[in-house]
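got a structure for you, letters missing:
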């Protein structure tokens with residue numbers, strides 16, 4: 001019989017090692033960045049979000065993307081864990097965008113044990129979030145939008161699912177509006193509220209019925225988070241700096257800052273600090289006919305357990 005301690009261990013591992021300071025809280029895996037461009041810039045991306053990865057950071061800002069785009073990213077974690085993202089975006093009449101995306105966290109190697117401590121096989125675990133995003137430019141200066149998200153978690157034979165949503169926006173101030181003759185090309189101010197109404201309702205009756213026991217009803221709320229920041233694009237769009245603050249219901253304010261610089265049109269270097277920890281990244285533009293193809297790689301320190309973790313991603317604009 002797989003006992004409660006094995007299931008509790010799995011829940012604890014899934015919560016505590018997927019994101020720092022989130023042990024015991026639902027949706028921990030969503031607090032780790034999966035996209036390498038944002039990670040390389042210290043995860044200060046709320047006031048940037050000008051490519052397809054923006055659907056995961058500020059859904060109100062992705063109306064900036066003017067090409068049909070597809071993209072994906074993968075983060076290899078220690079202890080048999082990994083995170084994946086995939087998205088596709090469609091511009092609408094040059095003034096809006098609609099996107100479809102998915103995030104998934106997976107773990108392997110968590111063993112169930114009977115009451116004598118004998119291994120009974122691996123326990124199943126899956127976290128997934130699917131979203132539909134819509135963003136629209138309401139004026140030359142303002143874009144707003146949001147997404148509807150479906151949350152699903154499977155833990156052994158018990159599943160939980162619910163819906164929630166995010167809202168966000170961005171203010172765009174270009175050179176003409178700013179009346180500047182200097183090197184600044186664009187100022188952006190962005191904000192987003194995430195995981196509104198998101199929760200994981202659990203009913204463990206099905207699992208414990210197999211053991212001849214009664215289950216319980218428990219609801220885990222996903223903490224609502226707020227992020228706001230500013231970015232500046234300058235030197236003929238070769239350089240970008242961004243800074244933002246992050247606050248949610250369960251932790252204190254954290255700061256993120258970073259930037260990128262294109263040494264040549266095909267190569268960008270990135271660096272930053274995410275909650276006090278350094279991050280680094282590199283981006284490549286790969287010319288393929290008229291396609292806008294990009295490959296990005298970044299590293300940052302693994303939460304809680306130290307060492308460095310690698311994030312890789314791609315995007316193609318048609």
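Good, I have the coordinates. Predicted model only: the values in this text are computed from it and were never measured.

tell me where the stretch 151-300 of the chain has helices.
Applying DSSP state H, counting those that start in this stretch to the stretch 151-300 of the chain gives helices spanning 175-178, 205-209.

where among those helices is the average confidence lowest?
Lowest mean pLDDT within the helices of the stretch 151-300 of the chain: helix 205-209, a mean of 60.

show me what contacts the closest residue to residue 238 other than its chain neighbours?
For residue 238, ignoring the flanking residues on the chain, the nearest one in space by C-beta to C-beta, 6 or more residues apart in numbering is residue 262 at 4.6 Å. Where you see a C-beta, it was placed from the backbone N, CA and C, and this is true even at glycine. Residue 262 sits next to 238, 239, 268 when contact means C-beta atoms under 8 Å, 6 or more residues apart in numbering.

among those, which one is most surrounded by other residues?
residue 268 (24 neighbours; other C-beta atoms under 10 Å).

close enough to count as contact, that one and residue 282?
Yes - using C-beta atoms under 8 Å, residue 268 is in contact with residue 282, at 6.8 Å.

next, count neighbours for residue 313.
25.

relative to whichever strand or helix holds it, what are the paired strands and their orientations?
Applying DSSP states H and E as the criterion places residue 313 in strand 308-317. Using DSSP bridges, strand 308-317 pairs in its sheet with strand 69-76 (antiparallel), strand 291-301 (antiparallel).

what is the mean pLDDT for that strand?
Regarding strand 308-317, the rounded mean pLDDT is 94.

list the buried residues for it?
By 16 or more other C-beta atoms under 10 Å, the buried positions in strand 308-317 come out as 309, 311, 312, 313, 314, 315, 316, 317.

columns distance to residue 293 on top of those residues, output as CSV?
Compiled in CSV, the buried residues of strand 308-317 are given as follows (distance: C-beta to C-beta, whole Å):
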residue, distance to residue 293
309, 25
311, 18
312, 14
313, 12
314, 7
315, 8
316, 5
317, 8
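
downstream of the lowest-mean-pLDDT helix or strand in the chain, the next helix or strand is which one?
Sorting the helices and strands of the chain by mean pLDDT, DSSP states H and E puts helix 4-16 at the bottom, at a mean of 39. Toward the C-terminus, helix 4-16 is succeeded by helix 36-40 as the next helix or strand (DSSP H and E).

mind giving me the packing neighbours of that following helix?
Counting contacts by 3 or more C-beta pairs under 8 Å, 6 or more residues apart in numbering; DSSP states H and E, helix 36-40 is packed against strand 251-264, strand 267-274, strand 277-288, strand 291-301, strand 308-317.

identify the residues contacting the residue nearest to residue 308 when sequence neighbours are not counted.
Excluding its sequence neighbours, the residue lying closest to residue 308 (C-beta to C-beta, 6+ apart) is residue 299, at 4.9 Å. Residue 299 makes contact with 39, 279, 280, 281, 308, 309, 310, 311 under the criterion C-beta under 8 Å, 6+ apart.

how near is residue 299 to residue 278?
Residue 299 sits 9 Å away from residue 278, going by C-beta to C-beta, to the nearest Å.

how about residue 302?
For residue 302, the distance to residue 278 - C-beta to C-beta - is 13 Å.

about what we covered before: minimum distance to residue 125: which of the helices and strands packed on helix 36-40 has it?
When the helices and strands packed on helix 36-40 are compared by C-beta to C-beta, strand 308-317 sits nearest residue 125, at 19.1 Å.

contact partners of the closest one?
Strand 308-317 has contacts (C-beta under 8 Å, 6+ apart) with 33-37, 39, 51-53, 65, 67-78, 85, 291-302.

now list the buried members of those residues.
Applying 16+ other C-beta under 10 Å to the contacts of strand 308-317 flags 33-37, 39, 51-53, 65, 67, 69, 71-75, 77, 85, 294, 296-300, 302 as buried.

tell me the contacts of residue 176?
Counting by C-beta under 8 Å, 6+ apart, residue 176 touches no other residue.
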